[in-house]
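Generate coordinates for the sequence data below:
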Amino acid sequence: QEQLVESGGGLVQPGGSLRLSCTASGFSLDDYATAWFRQAPGKERDRVACINRWHRTSYYEEAVKGRFTISRDNAKSTVSLQMSSLQSEDTAVYYCARAYSATCEDKFVLWGQGTHVTVSS
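Model prediction:
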């Protein structure tokens, strides 16, 4: 069974950092573009960042540029999101998603269960 499992969420103070990880099971994440999305309470799910198969980052949401970094470790079939200078506006459930193909322009077809990130003092 193909699955994505997120980890690394939690409570952090404003200005702090967190590193989220997305690990694939049942398949190799190497061949696919992978993205992080987030959904804040009462808001729609937005794409935060995406990285294609060839390690080239294709997209960052404007609000996180310069603060978040997406990366992948194909040997571990893992995609990570390093988040720094966190703000209360970053509070959300963060989801990892795999694209249908190697590029971020394609639809996302497999989703993790989400991990909560709360930024609060």
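
who does the helix or strand bottoming out on mean pLDDT in the chain pair up with?
Across the helices and strands of the chain, mean confidence by mean pLDDT, DSSP states H and E is lowest for strand 57-60: a mean of 82. Strand 57-60 sits in its sheet next to strand 45-51 (antiparallel), going by DSSP bridges.

Can you get me the start-to-end distance on stretch 103-115?
Taking Cα to Cα, to the nearest Å as the measure, stretch 103-115 stretches 24 Å from start to finish.

Please work out the average pLDDT along it.
Stretch 103-115 shows a mean pLDDT of 96.

what residues does the least confident helix or strand of the chain touch?
Contacts to strand 57-60, defined as Cβ atoms under 8 Å, 6 or more residues apart in numbering, come from residues 33, 35, 47-52, 68, 70, 103-105. All C-beta atoms are positioned from the backbone trio N, CA, C, and that covers glycine.

Pull the distance from that strand to the chain's centre.
11 Å (Cα atoms, centre = their mean, to the nearest Å).

Same question for stretch 48-58.
That offset, for stretch 48-58, works out to 11 Å (Cα atoms, centre = their mean).

Output it in CSV with nothing but the alpha carbons.
Listed next in CSV are the C-alpha coordinates belonging to stretch 48-58 (Å, rounded to 0.1, in the frame of the first residue of the first chain):
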residue,chain,number,x,y,z
VAL,A,48,3.6,26.0,0.2
ALA,A,49,6.4,24.5,-1.7
CYS,A,50,7.2,21.9,-4.3
ILE,A,51,10.3,20.1,-5.5
ASN,A,52,10.5,18.1,-8.7
ARG,A,53,12.2,14.8,-9.3
TRP,A,54,15.5,16.4,-10.2
HIS,A,55,15.9,18.3,-6.9
ARG,A,56,15.1,21.6,-8.5
THR,A,57,12.6,23.6,-6.4
SER,A,58,9.8,24.7,-8.5
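
partner residues bridging the residue nearest the centre of the chain?
Computing the C-alpha centroid of the chain and ranking residues by Cα atoms, centre = their mean puts W36 first, at 2.5 Å. Beta bridges link W36 to A49, C96 when assigned by DSSP bridges.
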